[in-house]
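A.B. asks: 3D model of this:
(chains A and B, ligands or ions: 2)
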Amino acid sequence: MKEELTCITCPLGCRLVAERGEDGSLAVSGNRCPRGAAYAREELLAPKRVVTATCRIAPASGTRRDEAAPRRVPVKTSAPFPKERVPELLAEIYRLELALPVARGAVLLADALGSGVDLVATRSVE
Amino acid sequence: MRELRYDAVVVGGGAAGMAAALALDSRGKSCAVVDREPSLGGILLQCVHNGFGLIEFDEELTGPEFAERFAARLADSRIATFLGATVLEIAEEGEEKLVFCVSPSLGGLRIRARAVVLAMGCRERNRGNIRIPGTRPAGVYTAGLAQRLVNIEGYVPGKDVVVVGSGDIGLIMARRMSWIGCKVHAAVEILPYPSGLARNIVQCLRDFSIPLYLSHLTTSVYGRDRVEGVEVAPIEDGALQPEKSFRIPCDTVLLSVGLVPENELSKGAGIELNPTTGGPIVDSTLMTSRGGIFACGNVLHVHDLVDYVAEEARRAGLFAADWLEGRRPRKELRVKVGPNLRYVAPGKVDPSRENKLYMRTMIVKNEALFEARLDNAVVKSVKKAHIQPSEMLSLSLGPAELERARPDSMLELSIQ
Ligand SMILES: Cc1cc2nc3c(=O)[nH]c(=O)nc-3n(C[C@H](O)[C@H](O)[C@H](O)COP(=O)(O)OP(=O)(O)OC[C@H]3O[C@@H](n4cnc5c(N)ncnc54)[C@H](O)[C@@H]3O)c2cc1C
Ligand code: SF4
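C.D. replies: Numbering: from 1, shown residues only, chains lettered A, B, ... in the order given. Ligands and ions are numbered 1, 2, ... in the order given. This next block holds a predicted model:
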């Protein structure tokens, strides 16, 4: 089976063709450099994404806050996260209600969904 | 009115303003940063996605993380910050500049300084700028405004979205809207190629099976009170094909059709602007047509990477420090914008030192040749594997290339 994809490792954006052999091997062509083959392998066999989102702040948290203060806390996964489980992770993220203050780098979900990846705050919010 | 005095005032506390202020501080100049928002960071604070800082910090950060790292350096310095304070006017009085600010907590404030660094960033082109006909229903937002609503204010502008344009902010917002449970039906681009990065096309559109219509014009937005959809028609061989037009129903339209430097203040100060970039015309020291007023970051020309913004702003801060010490270039050469380039910033170089120039091309090409010629002799040439208008190019030129320059020499940059 042939699959086409665009390498995003550098701005050249090579068009890659990957062919899966009977034995599960993957032959990649169209790449101008070896990074393209590595990209195709990861993207087809175990795609991952860094997930960024924002979380709700618990209503009672932080006594009267400035009107201009942010109403969401931005978050990210500490490393790329398995792509097919992103919707599940997002559901977890949107269930969170954070008590203030939150410090940048604070771990909000440790080992999220057993992936080995943490969810961390990316901004300090008081 | 309260009055304060510093060596320099930086207008805007985004990446550019913070980097410029830190450079001034490193040279022992007293300096104040004024920003109308309640926190330092500028546009970075709403860019919660990652992809910032690969050059500056050698790691991939989100916008708020990048902003906080710089803000922490300011907190450790002697730099004064005035937040929630809007600069209304920059005037001159003899050797000094007067920067007028207002804020709800301070009221009116006048800051005197011998140097000013402009770092006001840019704003988005809106519907009026690109003239999409149709009704004027609610539900049309610029992508950056939607980004602020969603990421900072926690407000979801709609459920069924069409993105007009394919700039990076629009692509990033297509993913953000998808991740918060909205349906993004299409991105519509007038040009035959996307204006955003390949990585964003893959991770923000294809990951969600969002169709990208290239060479398609958004001919109208329709709906009475609320947007009900857009009408789109293909462009074939340069001609619009109205009979092939079709409708995409949606309740929200996000415009991602470009950015323009924010220069109302500069105009008020009598600073000359470059019609191509929309930013001030600057010399080899990033100084505008008004002596002692410098510009950097998106207010000078629109950058795609914050790392370049910080690099340029640091130079602007150092040049402002030079000015305060009475040091000016002895000789400058004008840079001519040659074939296939849209602009070069700054528009002058100082042949006695290294100069970093940023520029944009107008063409998409693989295996391009980037050349600098001094009086028609090639002094530097660089091969580029790939160039496109959405990716800013840079080039360094110094004494090695420019030593033979005469006062009337011409330096031309071009792409072949
Ligand atoms: C929406 C968007 C998405 C981006 N995504 C990426 C990305 O993924 N990766 C990347 O590397 N780069 C990205 N960039 C580019 C990069 O982040 C920006 O170019 C950079 O942060 C701009 O910095 P700046 O300081 O020039 O402007 P800004 O951050 O806009 O700062 C300008 C500041 O000036 C203040 N100001 C303006 N006028 C006044 C006034 N009259 N008085 C007081 N204060 C004033 C504003 O409040 C603001 O804080 C993005 C840019 C935008 C616009
Ligand atoms: S294959 Fe190599 S050259 Fe081609 S886009 Fe990927 S990283 Fe760049």
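
A.B. asks: show me what contacts the nearest residue to residue B:386 once chain neighbours are set aside?
C.D. replies: If the residues on either side of it in the chain are set aside, residue B:386 comes closest to residue A:12, at 4.8 Å by C-beta to C-beta, 6 or more residues apart in numbering or on different chains. Just so you know, the C-beta spots here come from the backbone N, C-alpha and C atoms, and that holds for glycine as well. Residues in contact with residue A:12 (C-beta atoms under 8 Å, 6 or more residues apart in numbering or on different chains) are A:32, B:366, B:385-386.

A.B. asks: So residue A:99 versus residue A:56, what's the distance?
C.D. replies: Between residue A:99 and residue A:56 the distance is 11 Å, computed by C-beta to C-beta, to the nearest Å.

A.B. asks: Next: residue A:39.
C.D. replies: On the measure of C-beta to C-beta, residue A:39 and residue A:56 end up 35 Å apart.

A.B. asks: who has more neighbours, those two?
C.D. replies: residue A:39 (21 against 16; other C-beta atoms under 10 Å in any protein chain shown).

A.B. asks: Which residue would be the closest one in chain B to ligand 2?
C.D. replies: Going by C-beta to the nearest ligand atom, ligand 2 is nearest to residue B:385 of chain B, at 7.3 Å.

A.B. asks: Please report how far that residue lies from residue A:33.
C.D. replies: Distance, residue B:385 to residue A:33, using C-beta to C-beta: 10 Å.

A.B. asks: tell me the contacts of residue B:224?
C.D. replies: Neighbouring residues of residue B:224 by C-beta under 8 Å, 6+ apart: B:135, B:137.

A.B. asks: So, low pLDDT: which residues of the stretch 51-200 of chain B?
C.D. replies: Counting by pLDDT under 70, the stretch 51-200 of chain B contains low-confidence residues at B:127-131.

A.B. asks: Now the element after the lengthiest helix in chain B, going C-ward?
C.D. replies: Longest helix of chain B, by residue count under DSSP state H: helix B:306-324. Counting by DSSP states H and E, the element after helix B:306-324 in chain order, helix or strand, is strand B:333-337.

A.B. asks: Mind giving me the packing neighbours of that next one?
C.D. replies: Where contact means 3 or more C-beta pairs under 8 Å, 6 or more residues apart in numbering or on different chains; DSSP states H and E, strand B:333-337 is packed against strand B:341-345, strand B:348-349, strand B:411-415.

A.B. asks: what packs against the shortest one?
C.D. replies: So the one you mean is strand B:348-349. Using 3+ C-beta pairs under 8 Å, 6+ apart: strand B:348-349 touches strand B:333-337.

A.B. asks: Show me the helices in the chain, by range?
C.D. replies: All of this is about chain A. Using DSSP H, the helices of chain A run over residues A:34-45, A:86-95.

A.B. asks: meant chain B actually
C.D. replies: B:15-26, B:63-75, B:127-130, B:143-148, B:168-179, B:198-200, B:264-268, B:306-324, B:399-402.

A.B. asks: which of the ones you listed sits most buried?
C.D. replies: With neighbours defined by mean count of other C-beta atoms under 10 Å in any protein chain shown, none of the helices of chain B is more surrounded on average than helix B:15-26, at a mean of 28.

A.B. asks: near chain A, anything from it?
C.D. replies: No - judged by C-beta under 8 Å from any C-beta of the partner chain, helix B:15-26 and chain A are separated, with a smallest distance of 15.0 Å.

A.B. asks: Quickly check: that helix near ligand 1 or not.
C.D. replies: Yes - judged by C-beta under 6 Å from any ligand atom, helix B:15-26 comes into contact with ligand 1 at B:15-17.

A.B. asks: Which single residue of the stretch 101-250 of chain B ends up nearest ligand 1?
C.D. replies: Evaluated by C-beta to the nearest ligand atom, the stretch 101-250 of chain B has residue B:121 as its residue closest to ligand 1, separated by 2.3 Å.

A.B. asks: got a list of what that residue touches?
C.D. replies: Contacts for residue B:121 (C-beta under 8 Å, 6+ apart) come out as B:12, B:14, B:16, B:42-43, B:261-262, B:297-299.

A.B. asks: next one: residue A:109
C.D. replies: A:92-93, A:96, A:118-119.

A.B. asks: Please report how far it lies from chain B.
C.D. replies: According to C-beta to the nearest C-beta, to the nearest Å, residue A:109 and chain B sit 16 Å apart.

A.B. asks: Can you check the pLDDT for the residue nearest in space to the middle of chain A?
C.D. replies: In chain A, the C-alpha nearest the mean C-alpha coordinate belongs to residue A:50, at 2.0 Å (C-alpha atoms, centre = their mean). Per-residue pLDDT puts residue A:50 at 94.

A.B. asks: quick one: it and residue A:75 touch, right?
C.D. replies: No - contact status for residue A:50 versus residue A:75: not in contact, 11.0 Å apart, counting by C-beta atoms under 8 Å.

A.B. asks: where do the strands sit along chain A?
C.D. replies: In chain A, the segments counted as strands under DSSP state E are A:2-6, A:15-20, A:26-29, A:48-49, A:52-57, A:72-77, A:81-82, A:97-98, A:107-109, A:119-121.

A.B. asks: Which strand residues bridge residue B:226?
C.D. replies: When assigned by DSSP bridges, residue B:226 has beta-bridge partners residue B:138.

A.B. asks: With the one 5 residues further on instead?
C.D. replies: Applying DSSP bridges to residue B:231 gives these bridge partners: residue B:220, residue B:247.

A.B. asks: Give me the distance between the closest residue to residue B:155 other than its chain neighbours and residue B:194.
C.D. replies: Leaving aside its chain neighbours, residue B:155 sits nearest to residue B:149 (4.6 Å; criterion: C-beta to C-beta, 6+ apart). Distance of residue B:149 to residue B:194, computed by C-beta to C-beta: 24 Å.

A.B. asks: Same check on residue B:359?
C.D. replies: Here the distance between residue B:359 and residue B:194 works out to 21 Å (C-beta to C-beta).

A.B. asks: Those two: which has the busier surroundings?
C.D. replies: Applying other C-beta under 10 Å to residue B:359 and residue B:194 shows that residue B:194 carries more neighbours, namely 22 against 19.

A.B. asks: Closest one of the residues of helix B:15-26 next to ligand 1 to residue B:345?
C.D. replies: residue B:16 (13.1 Å; C-beta to C-beta).

A.B. asks: residues near the nearest residue to the closest one once chain neighbours are set aside, how many?
C.D. replies: If the residues on either side of it in the chain are set aside, residue B:16 comes closest to residue B:297, at 2.5 Å by C-beta to C-beta, 6+ apart. By the criterion of other C-beta under 10 Å, residue B:297 has 33 neighbours.

A.B. asks: For residue B:297, give me its contacts.
C.D. replies: By C-beta under 8 Å, 6+ apart, the residues touching residue B:297 are B:12, B:14-17, B:119, B:121, B:303, B:309, B:312-313.

A.B. asks: likewise residue A:105?
C.D. replies: Going by C-beta under 8 Å, 6+ apart, residue A:105 touches A:120-121.

A.B. asks: Let me know the pLDDT of it.
C.D. replies: Looking at residue A:105, its pLDDT reads 95.

A.B. asks: What's the separation between the residue of chain B positioned farthest from its centre and residue B:234?
C.D. replies: For chain B, the residue at maximal distance from the C-alpha centroid (C-alpha atoms, centre = their mean) is residue B:243, at 37.9 Å. Distance, residue B:243 to residue B:234, by C-beta to C-beta: 10 Å.

A.B. asks: again with residue B:278
C.D. replies: Per C-beta to C-beta, residue B:278 is found 30 Å from residue B:234.

A.B. asks: now do residue A:43
C.D. replies: In this view, residue A:43 and residue B:234 are 30 Å apart by C-beta to C-beta.
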